Structure formats: C-alpha cells, structure tokens
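*Asks:* Okay, predicted coordinates and the sequence, questions at the end:
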Amino acid sequence: MRPYNDYFGEFGGRYVAEVLRRPLDELEGAFRKAAADPGFWAEYERIGRDFVGRPTPLLFAENATGELGGASIYIKLEGLANTGAHKVNNVIGQALLARRMGKTRIIAETGAGQHGLATAAVCAKLGFPCTVYMGEVDIARQRPNVFWMELFGATVAPVSGGTRTLKDAVNEALRDYASSFEETHYLIGSALGPSPYPDMVREFQSIIGRETKRQLDDRGIVPDTLVACVGGGSNSIGFFSPYLDSPTPRLLGVEAGGTGPRPGEHAARMSGAGDVGIAQGYKSMFLLDDDGQVQHTHSVSAGLDYPGVGPELAHLGTIGRVEFTTAGDRQALDALKFFARTEGIVFALESAHAAAAVIDLAPRLDADKAIVVNMSGRGDKDLFIAAREMHTDAWAVFLAEELERVGKAAPPKETPRER
Ligand SMILES: *Cc1c(COP(=O)(O)O)cnc(C)c1O
C-alpha cells in the first residue's frame with residue numbers, strides 16, 4: 001500500500017457539494033480500515049482467482065519482436081480477465097467495500113459500457129441491485145454492452161442531459177448518490193473523481209502491476225519501458241504502481257490522438273492541449289474551451305475519450321516520472337491488425353493505442369532491452385467498430401442478412417427499453 005493521499009502535488013482534492021462530504025468521509029474511513037485488514041485482501045484475491053481468472057498471463061511476443069527488430073516485447077494479457085478488461089479489478093474491490101459498509105445498492109456511470117458491464121457482472125455475482133447511468137448517445141453507440149448489462153440484471157438508466165455522454169452520466173450518478181448514500185455505494189470506474197476514489201481505485205488496480213513485476217522477476221527480466229493507454233488513468237496507474245517511487249523503468253502513457261490536433265478531434269490532455277481545471281469533484285488536467293467548459297473529445301476507442309485525467313497521473317506527468325504521447329485512430333487500428341496477425345491476440349481499441357506506441361518504440365531500442373505493454377482489454381467488444389473502420393464489405397453483407405434473419409427490413413422506430 002502506498003500512503004493515503006488527498007492531493008498529488010496540486011492535483012486531486014474533494015470539490016463536491018456539502019451534502020457529499022459525509023458519505024465521502026465515511027467511504028474514506030471504510031477504505032482505510034479495509035486496506036489494513038488482510039481478511040479483506042484475501043477475499044479480493046479469492047474472487048480475482050475464481051471469478052476473474054487471475055493471475056492474467058504475461059506473453060513474450062516473439063513474432064512481433066522478430067518482425068519489428070529491436071527490444072523484446074512482452075504483453076500483460078489483462079484483457080483475458082472475465083468481462084474482458086481490467087475494470088473488474090476495481091469493481092470487485094469497491095463492491096466488497098460496499099458490502100462491508102452495509103450498503104444494499106450500487107450505482108455506476110459508464111461511457112462505452114465497459115465499466116457498466118464489469119459492475120453489472122460483479123453485482124450479479126455478489127447479489128447487489130445495480131443501476132448504471134449511461135448517456136443516450138452512448139446507449140445508441142454501444143448496444144452490445146447494454147444488452148449484456150441488462151442480461152446481468154442491471155438497470156441501465158438513460159441520461160438525456162448535456163451532451164448525453166459519459167460526463168453527463170457522472171453528474172447524474174452524483175445526483176443519485178447525494179440523495180441515496182445511506183444505502184447506496186457509488187462505484188466510480190477510473191482513478192479519478194473526488195478523494196478517496198483516485199487513491200482507492202489505484203490500490204484496486206495495482207494488482208496488474210504487482211503481478212507483472214512478479215512475472216518479470218520470475219523470468220529475470222528487468223524492463224526498460226512500461227507502456228499503457230490512458231483514459232481516466234486506472235489501468236496505467238495500476239500497471240505502473242510498483243515502480244512509481246523508483247527512477248526506472250521508463251513509464252509511458254498513451255492518450256488518444258484521434259483524427260488530429262484540433263479541439264474536438266482527440267483526447268490528449270497530458271500530451272496536448274490540457275489545462276488545469278476543476279470538474280466532477282477533483283482538480284486535474286482537462287481539455288477546456290475558451291469559457292473554461294469541458295471540451296468535446298474524439299477517439300475511435302470509446303474508453304479513451306474522457307476530457308479529464310486522474311490527478312495522480314497529472315502530477316506524475318508534471319514532475320516527469322510518467323511521460324505521455326499519443327496514438328491516433330488509424331495507428332491504433334493498424335496496431336490491432338499487426339498483433340492479431342503476428343501474435344494471434346486482439347487488443348481492445350483502447351489498449352491498441354499502447355500497442356501502437358510499442359510498434360513505434362521497439363525498433364529504436366537495442367535488442368537486449370525489454371518493453372512491457374498492458375493489454376488492458378481484449379477486442380471482442382470492438383467487432384462492430386473495427387469491422388466498420390476496416391471497410392470490410394463482407395461485414396456489411398453479413399449485417400444486412402442478419403437484419404433479414406430477425407425479420408426486419410429496417411430497425412423499429414422505437415425500441416421498448418422498460419422491463
Ligand atoms: C475503460 C478502458 C480504458 C480506459 O480507462 P483507464 O481508466 O484509463 O484504464 C482502457 N482500456 C480498456 C479496455 C477500457 O475498457
């Protein structure tokens with residue numbers, strides 16, 4: 001455990017309405033107590049092993065290494081975790097904490113639906129009723145994840161305010177929490193938000209880094225560079241966590257370069273046009289417009305287009321411990337294809353941004369160096385987007401035929417969503 005922090009340099013804090021101070025104090029107290037209790041971690045590890053499939057493997061990508069020429073590439077296959085991504089590690093930790101606190105209901109926000117999916121699955125397993133707030137635009141874009149969440153028994157609550165995307169879903173979840181915290185836990189999905197969330201989520205995701213370090217130590221590998229994609233920052237901070245207090249290895253965070261450098265085309269907060277701001281309960285680096293409002297962002301990967309970044313990463317970037325770069329939509333898709341062809345694995349589009357940075361970096365390093373990249377998720381969920389972006393005609397034909405099979409020439413005007 002790293003010591004508990006409210007602030008990381010100038011970033012972090014707890015910028016919330018008065019009504020939320022008491023539940024956040026209560027949460028902080030419960031987290032500190034649980035974190036000091038070996039029984040809590042034993043339960044966390046048991047579920048991680050039996051339900052998630054931990055430890056996730058560390059793969060030597062020998063074919064990719066040979067083709068690129070240069071440093072050896074290792075891939076932490078975090079995407080093999082049940083539910084398809086690292087998000088589940090944090091969800092299990094917070095859900096167990098909620099149970100200890102005597103909470104009987106869980107709420108969450110989701111953008112692409114990955115955090116909502118992990119939350120819905122764990123709530124099914126641990127027996128919590130669960131409501132997932134999701135913007136209407138995201139519901140329309142991410143239909144498969146909505147389908148799975150509902151199958152797990154979660155209520156997906158459409159959010160119609162603002163841009164009807166992730167940040168509006170966060171606001172709606174905070175509103176619910178403010179009036180329901182006596183019985184409800186708000187399960188935030190990344191290492192951001194008001195304290196104690198950034199610290200707590202990092203601890204629950206540090207399992208990725210601890211496992212990777214052990215797997216490297218067992219093979220006698222000293223890594224030169226660790227690479228991870230950065231949305232809110234939870235997979236990267238968890239992956240980097242064992243190394244944060246030492247000067248090596250080099251730590252590289254990869255943000256969404258999208259389609260270009262202009263406002264609205266990317267989500268490069270640390271490696272681009274980010275400003276210090278306060279939003280959604282914490283102080284960090286955000287993409288802001290001239291009026292100080294949170295900017296519109298873009299990425300082909302739904303998990304990397306949040307306009308803010310976790311406060312600890314903002315601090316680590318400021319002091320230079322973590323470096324940041326970007327990979328664009330096209331590079332991410334190319335990286336996904338490259339590792340599918342050479343290694344037989346499919347990166348999630350988010351993680352493919354980190355993979356793209358590795359393709360760039362590996363040939364520039366000597367052959368005795370090792371790069372380790374976190375595959376935060378697997379790409380099954382991105383089938384619809386990847387197939388569309390790769391312009392496969394066969395896919396369009398398949399979709400048309402599928403519509404015919406379900407007996408619909410065109411989608412119905414209104415899909416009934418009440419259950
Ligand atoms: C949500 C998500 C991300 C981005 O979130 P972080 O908090 O930055 O980790 C990255 N990869 C996958 C697969 C995701 O689902």
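*Replies:* Arrived safely, thanks for sending.

*Asks:* Could you give the number of residues near the residue of the stretch 301-419 of the chain found nearest the ligand?
*Replies:* Closest contact between the stretch 301-419 of the chain and the ligand, by CB to the nearest ligand atom, is at Gly377 (2.4 Å). In short, each C-beta sits where N, CA and C put it, glycine included. By the criterion of other CB atoms under 10 Å, Gly377 has 30 neighbours.

*Asks:* beta partners of it?
*Replies:* Bridge pairing for Gly377 (DSSP bridges) gives the partners Ala85.

*Asks:* Stretch 308-319 vs the ligand: in contact?
*Replies:* No - with CB under 6 Å from any ligand atom as the measure, stretch 308-319 is seen stopping short of the ligand, the closest distance being 7.2 Å.

*Asks:* Would you mark the buried spots in that stretch?
*Replies:* By 16 or more other CB atoms under 10 Å, the buried positions in stretch 308-319 come out as Gly308, Val309, Gly310, Pro311, Glu312, Leu313, Ala314, His315, Leu316, Gly317, Thr318.

*Asks:* Residues of the chain that sit close to the ligand?
*Replies:* 85, 87, 114, 190, 229-236, 303-304, 348, 350-351, 376-377.

*Asks:* Quick check: Lys33 vs Arg100, distance?
*Replies:* Going from Lys33 to Arg100 by CB to CB, to the nearest Å gives 8 Å.

*Asks:* give the contact list for the closest residue to Thr318 other than its chain neighbours.
*Replies:* Excluding the flanking residues, the one nearest Thr318 by CB to CB, 6 or more residues apart in numbering is Gly9, at 6.1 Å. Applying CB atoms under 8 Å, 6 or more residues apart in numbering to Gly9 gives the contacts Ala314, His315, Thr318, Ile319.

*Asks:* My reading is that the second one is in a helix; is that accurate?
*Replies:* Yep, that's His315 we're talking about. Yes - assignment of His315 by DSSP: H, G, I helix; E, B strand; the rest coil places it within a helix.

*Asks:* you'd agree it is up against Phe11?
*Replies:* Yes - if you go by CB atoms under 8 Å, His315 and Phe11 touch, sitting 5.0 Å apart.

*Asks:* Which ones among the residues of the chain next to the ligand lie within helices?
*Replies:* Using DSSP state H, the subset of the residues of the chain next to the ligand located in helices is Lys87, Gln114, Ser234, Asn235, Ser236, Glu350, Ser351.

*Asks:* which of these count as buried?
*Replies:* Among those, those scoring as buried are Lys87, Gln114, Ser234, Asn235, Ser236, Glu350, Ser351 (criterion: 16+ other CB under 10 Å).

*Asks:* For Glu402, see how far away the first one is.
*Replies:* Look at Lys87 and Glu402: by CB to CB, they are 29 Å apart.

*Asks:* Equivalent analysis for the last one, please.
*Replies:* Going from Ser351 to Glu402 by CB to CB gives 28 Å.

*Asks:* All set now, cheers.
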